[in-house]
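>>> Pasting a predicted model and its sequence here:
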Amino acid sequence: MISTMIRAVFPGSFDPPTLGHLNIIERASSIFDELLVVVAENKQKRQLFTAEERLSMMANLVKASGNVKCLIWDSLVVDFMKREGIRLLVRGIRGTEDFSHEFELAMMNKAIYSGIETVFLTTDPKYLVLRSSLIKELASFHGDVSLMVPPLVAQALKNKFSES
Ligand code: ADP
């Protein structure tokens, strides 16, 4: 019998990882044989956490899932997928605004690498309003983010904003 491993990537900034991201990771990793979480290093985008910090948080958060791996990538995700021979790209969708943006990205990615299929997972309604940018803003005012991010991320946000 021929067995083919179905591998997928879930790319993002994860600045920082939220319960919304983790929910997508948990669900995608139960569908695919292997899920690679690609932490995007984009020098153009100003991030609160360095790529290494984001990777370290994410790796810690998914360490119990045997089929999830995390890595940093500083170029087009499509190039990573081509190199690895992976065709499935997972993205999470919170609503129509996310969808129109993600739809364009998916079209663009397909134009670069026709073998790509983007798989959209709709958010769990519990996490509908979770957005890294809003969470960072809230944390910068020392607001309570404990229902939005795992404890290790809440602590990292606290440390970041007490540095400044
Ligand atoms: P990017 O900068 O690439 O959009 P993000 O870290 O903001 O990276 O998000 C990575 C992926 O996770 C995107 O597909 C985004 O739509 C999805 N995502 C973010 N927050 C949520 C959430 N609360 N529920 C479902 N998907 C989410």
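Now that the structure is in, tell me what you want to look at. Numbers count the residues shown, from 1 in each chain.
>>> drop to CA atoms for contacts and neighbour counts, all remaining ones
Noted.
>>> Measure how buried Val77 is and give me the count.
19 (other C-alpha atoms under 10 Å).
>>> With Tyr113 instead?
Look at Tyr113: counted by other C-alpha under 10 Å, it has 15 neighbours.
>>> contacting residues for it?
Shown in contact with Tyr113 (C-alpha atoms under 8 Å, 6 or more residues apart in numbering): Val78, Lys82.
>>> how near is it to Glu53?
Shown here: Tyr113 relative to Glu53, a distance of 30 Å by C-alpha to C-alpha, to the nearest Å.
>>> how about the residues of the protein near the ligand?
With C-alpha under 6 Å from any ligand atom as the criterion, the chain comes near the ligand at residues 12-15, 20-21, 91-94, 123, 127-128, 130-131.
>>> make it 5 Å
Gly12, Ser13, Phe14, Gly20, Arg91, Gly92, Ile93, Thr123, Tyr127, Leu130 (C-alpha under 5 Å from any ligand atom).
>>> Among those, which ones are in strands?
Among those, the members falling in strands (DSSP state E) are Gly12, Arg91, Gly92, Ile93.
>>> Excluding chain neighbours, what is closest to Ser13?
With sequence-adjacent residues excluded and distances taken as C-alpha to C-alpha, 6 or more residues apart in numbering, Ser13 is closest to Ala40, at 5.2 Å.
>>> Please list only the buried members of the ones in strands among the residues of the chain next to the ligand.
Burial by neighbour count, judged by 16 or more other C-alpha atoms under 10 Å, picks out Gly12, Arg91, Gly92, Ile93 from those.
>>> hang on, isn't the first one packed against Val39?
Yep, that's Gly12 we're talking about. Yes: assessed by C-alpha atoms under 8 Å, Gly12 is found in contact with Val39 at 5.6 Å.
>>> quick one: contacts of the top helix by length along the chain?
Ranked by residue count under DSSP state H, the longest helix found in the chain is helix 96-112. With contacts defined as C-alpha under 8 Å, 6+ apart, helix 96-112 is touched by Val78, Arg91, Ile93, Ile116, Glu117, Thr118.
>>> Let me know the closest of those to the ligand.
The ligand has its nearest neighbour among the contacts of helix 96-112 in Arg91, at 3.6 Å by C-alpha to the nearest ligand atom.
>>> List the contacts of the closest one.
Applying C-alpha under 8 Å, 6+ apart, the residues near Arg91 are Phe10, Pro11, Glu102, Thr118, Val119, Phe120, Leu121.
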